[in-house]
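>>> Give the three-dimensional model of this entry:
(chains A, B, C and D)
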Number of protein chains: 2
Amino acid sequence: METAERLIRSTQQLLWERGYVGTSPKAIQAAAEAGQGSMYHHFSGKAELAKAAIERSGAELRAAVEEQFAGPGTATDRITRYLERDREVLKGCRIGRLTADPEVMADPVLRAPVADLFRWLRDRLAEIIAEGKRSGEYPDRLDPEQTAATIAAVLQGGYVLARAAADEEPFEQAVQGMIELLRGVAR
Amino acid sequence: METAERLIRSTQQLLWERGYVGTSPKAIQAAAEAGQGSMYHHFSGKAELAKAAIERSGAELRAAVEEQFAGPGTATDRITRYLERDREVLKGCRIGRLTADPEVMADPVLRAPVADLFRWLRDRLAEIIAEGKRSGEYPDRLDPEQTAATIAAVLQGGYVLARAAADEEPFEQAVQGMIELLRGVAR
DNA sequence: GTCTATAGTAAGATAGAC
DNA sequence: GTCTATCTTACTATAGAC
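Numbering: from 1, shown residues only, chains lettered A, B, ... in the order given. Okay, the predicted model is just below:
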């Protein structure tokens, strides 16, 4: 693999584990097995590398989610498939964790791909719920945007609860609770 | 105010804004208007100070939540009051954000108060839901622990969505979506 | 493209005077 | 209790040789 690619992937991993503030160029270089000069040849610095890494992670997540949504079944089926997908729960969300990073939030260039991913996810969930309403699966009173935000929030919050407990259980409970509520509202 | 107290409060604030990894002793001293020697006289170092600050924040949050729960009304009323309480949404959760901090998660002493708060919160929510079941407000099939985890997760995830968007709206949507689902399941 | 040398700043803490 | 001096290591980058 080329050096630039190794640098991006190592940065993705480190941002996931330690965030932007907690990740040093030196650590990236070590993980990528690249020298100092090599890193600064390919990227202007930590920020540019992080931008590339965050955008890459966003694109990967989008593709993975789209895969869960794509299959057959009712809206509830498709959302359930997404919610129940295998996840590294205790590692948390690669993109969501960046919202806790002060320097990512302060830099519009770094925050943009984070904002974009969640904007896209909520829109996509709202579409599926709207389809469910049109097909008669969900009642008229169900608000697609609200419900989409609730579903996205349960996942992100589930990670928080699980990491706090150092145990996947709260995540699984939160997700199953959400699925039950969704089934309750569905006909 | 005494120096030790100022140091704790400044640390609470900085942990909230920048996390543990992003907060330096120097920044704490500046915020508390305390000298280097002063800080190291009262606390052994950054970790001990953070421990005190996290425990303090946990106790404060617990008291605030208990206040929302304490009033009159049905289970749904009380949970709704808690969900709709005024919050500094874009600042995120003071305790929840620490689950993104690698050094807090790695240190059992720092993680304990975080784990305790969320354990307590989920238990407390589950109690209220169980009361709602006993009073006939909620159906038998509703699982208190699951639903409690879902509610706690919606709040934590709502913060994540709002910060990503730099806008409180997704938080409000997620919360209202949750309230609607809860009302839907209640009789 | 990659390497080593260099550099200024900050992190996190200790020592000892007052 | 608080202050200043000092220390070691890390952060983040630049410069210039190869």
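>>> From A:Ala152, how far out is A:Gly184?
Using CB to CB, to the nearest Å, we find A:Gly184 at a distance of 19 Å from A:Ala152. In short, each C-beta sits where N, CA and C put it, glycine included.
>>> which one of those two has more residues nearby?
Remark: of A:Gly184 and A:Ala152, A:Ala152 carries more neighbours, 27 against 13, as counted by other CB atoms under 10 Å in any protein chain shown.
>>> pLDDT score for the more buried one?
pLDDT for A:Ala152: 99.
>>> Same question for the helix or strand it falls within: list its buried residues.
Here A:Ala152, judged by DSSP states H and E, is contained in helix A:144-165. Of the residues in helix A:144-165, A:144-165 count as buried by neighbour count, 16 or more other CB atoms under 10 Å in any protein chain shown.
>>> pretty sure A:Asp107 contacts A:Ala47?
Yes: A:Asp107 is within contact range of A:Ala47, at 6.9 Å (criterion: CB atoms under 8 Å).
>>> Based on its surroundings, how many neighbours for the nearest residue to A:Val21 once chain neighbours are set aside?
With sequence-adjacent residues excluded and distances taken as CB to CB, 6 or more residues apart in numbering or on different chains, A:Val21 is closest to B:Gly22, at 4.3 Å. By other CB under 10 Å, 19 other residues sit near B:Gly22.
>>> got the CA coordinates for stretch A:72-86 in PDB?
C-alpha atoms of stretch A:72-86 as PDB (Å, rounded to 0.1, in the frame of the first residue of the first chain):
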ATOM      1  CA  PRO A  72     -36.200  -6.100   1.100                       C
ATOM      2  CA  GLY A  73     -38.900  -5.900   3.800                       C
ATOM      3  CA  THR A  74     -41.100  -3.300   5.500                       C
ATOM      4  CA  ALA A  75     -39.700   0.000   6.800                       C
ATOM      5  CA  THR A  76     -39.500  -1.500  10.200                       C
ATOM      6  CA  ASP A  77     -37.600  -4.500   8.800                       C
ATOM      7  CA  ARG A  78     -35.100  -2.300   7.100                       C
ATOM      8  CA  ILE A  79     -34.600   0.000  10.100                       C
ATOM      9  CA  THR A  80     -34.300  -3.000  12.400                       C
ATOM     10  CA  ARG A  81     -31.600  -4.500  10.200                       C
ATOM     11  CA  TYR A  82     -29.700  -1.300  10.400                       C
ATOM     12  CA  LEU A  83     -30.100  -1.000  14.200                       C
ATOM     13  CA  GLU A  84     -29.100  -4.700  14.700                       C
ATOM     14  CA  ARG A  85     -26.100  -4.700  12.400                       C
ATOM     15  CA  ASP A  86     -22.900  -6.000  14.000                       C
END
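>>> is it up against chain B anywhere?
No: Stretch A:72-86 stays clear of chain B (CB under 8 Å from any CB of the partner chain), getting no nearer than 11.0 Å.
>>> Look up the closest residue to A:Thr147, ignoring the ones flanking it.
Closest residue in space to A:Thr147, ignoring its immediate chain neighbours: B:Gly177 at 4.7 Å, by CB to CB, 6+ apart.
>>> which residues touch the helix or strand harbouring the one you found?
Element membership for B:Gly177 (DSSP H and E) is helix B:169-185. Residues outside helix B:169-185 that contact it (CB atoms under 8 Å, 6 or more residues apart in numbering or on different chains): A:118, A:122, A:141-143, A:145-153, A:181-182, A:184-185, B:76, B:79-80, B:83-84, B:87, B:89, B:138-139, B:142, B:150-151, B:154-155, B:157-159, B:161-162, B:164.
>>> tilt between it and helix A:169-185?
60 degrees (axes from the mean of the first three to the mean of the last three CA atoms, to 10 degrees).
>>> tell me the mean pLDDT for helix B:169-185?
98.
>>> DNA strand D versus the most far-flung residue of chain A relative to its centre, what's the distance?
Seen from the C-alpha centroid of chain A, the residue lying at the greatest distance (CA atoms, centre = their mean) is A:Gly37, 31.9 Å away. Separation of A:Gly37 from DNA strand D (CB to the nearest atom of the strand, to the nearest Å): 4 Å.
>>> just to revisit the earlier point, now the helix holding A:Ala152: how far from the chain's centre is it?
From the chain centre to the centre of helix A:144-165 is a distance of 11 Å (CA atoms, centre = their mean, to the nearest Å).
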